[in-house]
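A.B. asks: All I have is the shape, not the residue letters:
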């Protein structure tokens, strides 16, 4: 029995000695470093595509500015087109508008009218005021 107790004590002391030694890690540290590096490279690649590459934020910002400029140009052209359309409608609607246009732009006169041409004296010409109509100039 003493031999058996001694054998058990020696086995117990061996187990305790093994418990005091550091256990080997359950994972491979080199493998985790490699995985971490790969993940960081993937993250860097995605960040590059997000901020710099075609279709990224820089291009979206540039395209939105271009869209705003085109919208502003379209609004200006719409206003101009509306004014031109109003003038066309006015010219189509009546003879007086056509007559006024011919008189102011081409200097035409009616039959049995007298035309007097006045020439300004040489020197500085007065600037027209905003209230002046083209016929008064």
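C.D. replies: Yep, that arrived. The shown structure was predicted, so the numbers you read here are calculated from the model rather than taken from an experiment.

A.B. asks: From here on, just use CA atoms for contacts and neighbour counts.
C.D. replies: Fine.

A.B. asks: roughly how far apart are residue 40 and residue 68?
C.D. replies: 38 Å (C-alpha to C-alpha, to the nearest Å).

A.B. asks: for residue 121, what are its contacts?
C.D. replies: Not one residue lies near residue 121 by C-alpha atoms under 8 Å, 6 or more residues apart in numbering.

A.B. asks: Now the phi/psi pair for it, please.
C.D. replies: Main-chain dihedrals, residue 121, degrees, to the nearest 10: phi -70, psi 150.

A.B. asks: Please apply the same query to residue 99.
C.D. replies: phi -60, psi -40.

A.B. asks: Count the residues that sit near it.
C.D. replies: Applying other C-alpha atoms under 10 Å, we find 14 residues neighbouring residue 99.

A.B. asks: Which single helix of the protein contains the most residues?
C.D. replies: helix 57-93 (DSSP state H).
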